[in-house]
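Undergrad: Quick one: sequence plus predicted model below, questions after.
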Amino acid sequence: MILSQIQNWEQKLLPRETERQQKTTPQMVVGDQRDKEQQPIVASTTAEAKHDSLAKRIEELQREVSKLQMRYDSKVAEIMENNKTVQQQRAIINGLEKETKEQHAMINTITREKQELLNRLSEVAGHKLRENNAAITDLSSAIRPTKIAELYKELYDNQWTDAFEELKDQGYPEITAIQILNNTVYDSFEFTSDLSRQYMEHLEFSTKILPYQKEGSQKAGGQNHQSHTAKTVPVRNLQHPAGNRITVEQKPIPTKVLSEECKDLLRQLRKTSAPAHVEEVQMCFIEGKKRKVPPNNQKAMNAFYKECAKVTWYMNVQTPPLSLTSSPARGTPFLTDLYTPYTQSGNMVDYVVWPACLLHENGPLLRKGVLQPFKSEEGVGVEKEKSKNALDGGQTR
């Protein structure tokens, strides 16, 4: 490379040297000859200097290349280390994502279990709160106490009025007719109270009984061969949906004491199923009344019987049941917070026309009753001895 550069320089300098020789004088020729004698020495020195310079440059470049190679190798190693770190970080991220998913699943499970426990706690608290607490009203129920109080008022406004007119048309004195209707309401309340209590006992008993199909076969004559001798409630035959008769026994559950939660559910069942039994309750009550009082074209009285049975049945399936006030004694002060006057004003009780309805026994008032008062200065009442005799003969409460 250095020789080629020298040759290039010589080619550039030859034309100039030729031109200079043509213009030189003899003195210049003599000087040139001296220069020519010294020129090989100068050229040799310059070439050696350039060669040394180029050699140093090559060494520098080689050192720089070596440094760059070392930096390259270092960067490659760094990149490989970074890739390894990235892979490790990705593995950690994947592990964290998996752990996060597991934590989310655990959180969802715990949240669900917490909600279930809160629901159970709410149910238990609600049961404790509702238990024999008439102040807590189920607004979703169609036969809640306020609705029953409305039915009770309508019973007095409608069926009571029709039955009262019918009895008077049949020749009953007014006070006697009132007393008959008043007694009917109390009779109906006692009847449905007993019926509600018996229904609850039946539900509790049925809950303790587990029906099951006995092992064994049944002969044509109807005798059942048992493969065991378990002590059970007497056998009853059931009709299978396919038409075949199967023998079923009622086996009592070992735990005979029902929990309060179970009893609360049964009370709710009694209340919820009450509308479905209204016709049966009405029929049973009317049949009982007909045995005591033979029917005599009493269309309005039958309607009154039916509505009394329905309303008092709804009263007695509540928890606790609604209550009717007992008739105050004659001559006692007229309690205006419980009763409204019938046809006249006064400050003393003469006779009760319609009992008041309470939320529960000795509880708050749901619907006022009606009674006939008299003024204390007027004596025993408007009807005096006539009404006194009639009431003494018919009033039982």
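TA: Perfect, I can see it now.

Undergrad: residues touching residue 303, list them.
TA: 159, 162-163 (CB atoms under 8 Å, 6 or more residues apart in numbering). (C-beta placed from N, C-alpha, C; glycine too.)

Undergrad: For residue 284, which residues are in contact?
TA: Under the criterion of CB under 8 Å, 6+ apart, the neighbours of residue 284 are 191, 195, 309.

Undergrad: Looking at the contacts of residue 303, state which has the most neighbours.
TA: Within the contacts of residue 303, neighbour counts (other CB atoms under 10 Å) peak at residue 163, which reaches 24 neighbours.

Undergrad: Confirm that residue sits in a helix?
TA: Yes - counting by DSSP: H, G, I helix; E, B strand; the rest coil, residue 163 is found in a helix.

Undergrad: list the contacts for the closest residue to it other than its chain neighbours?
TA: Once flanking residues are discounted, residue 163 sits nearest to residue 304: 3.9 Å by CB to CB, 6 or more residues apart in numbering. Listed by CB under 8 Å, 6+ apart, the contact partners of residue 304 are 155, 159-160, 162-163, 181, 184.

Undergrad: Let's have the residues you listed in TSV, adding secondary structure.
TA: Below are the contacts of residue 304 laid out as TSV (three-state DSSP):
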residue	secondary structure
155	helix
159	helix
160	helix
162	helix
163	helix
181	helix
184	helix
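
Undergrad: Turn those residues into CSV, including pLDDT and distance to residue 55.
TA: Output for the contacts of residue 304, formatted as CSV (pLDDT from 0 to 100; distance: CB to CB, whole Å):
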residue, pLDDT, distance to residue 55
155, 97, 130
159, 97, 133
160, 97, 136
162, 96, 138
163, 96, 139
181, 96, 139
184, 96, 138
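
Undergrad: hmm, back to that, toward the C-terminus, what is the element adjacent to the one helix or strand the residue nearest to residue 163 maps to?
TA: Here residue 304 is covered by helix 299-316, with elements defined by DSSP states H and E. Proceeding N to C from helix 299-316, the next assigned helix or strand is strand 323-324, under DSSP H and E.

Undergrad: So what are the sheet partners of the very next helix or strand once past that following strand and their directions?
TA: Heading C-terminal from strand 323-324, the first helix or strand you meet, by DSSP H and E, is strand 339-341. Here strand 339-341 has these sheet partners by DSSP bridges: strand 369-374 (parallel).

Undergrad: wait, isn't residue 166 in contact with residue 302?
TA: No - with contacts counted by CB atoms under 8 Å, residue 166 stays clear of residue 302, the gap being 9.9 Å.

Undergrad: May I have the residues that are in contact with residue 348?
TA: 330-334, 373-376.

Undergrad: Show me how this protein divides into domains.
TA: 2-109, 152-210+256-394 (automatic domain parsing).

Undergrad: Pick the most deeply packed of these.
TA: Across these, averaging neighbours per residue (mean count of other CB atoms under 10 Å) puts domain 152-210+256-394 on top, at a mean of 17.

Undergrad: Out of the contacts of residue 284, which is nearest to residue 64?
TA: residue 195 (112.5 Å; CB to CB).

Undergrad: Give the other helices and strands that the helix or strand harbouring residue 105 contacts.
TA: Assigned by DSSP H and E, residue 105 falls within helix 26-130. Secondary-structure packing of helix 26-130 (3 or more CB pairs under 8 Å, 6 or more residues apart in numbering; DSSP states H and E): helix 2-22, helix 260-273.

Undergrad: low-scoring stretches of the stretch 101-250 of the chain, by residue?
TA: 122-140, 211-250 (pLDDT under 70).

Undergrad: Cheers, nothing more for now.
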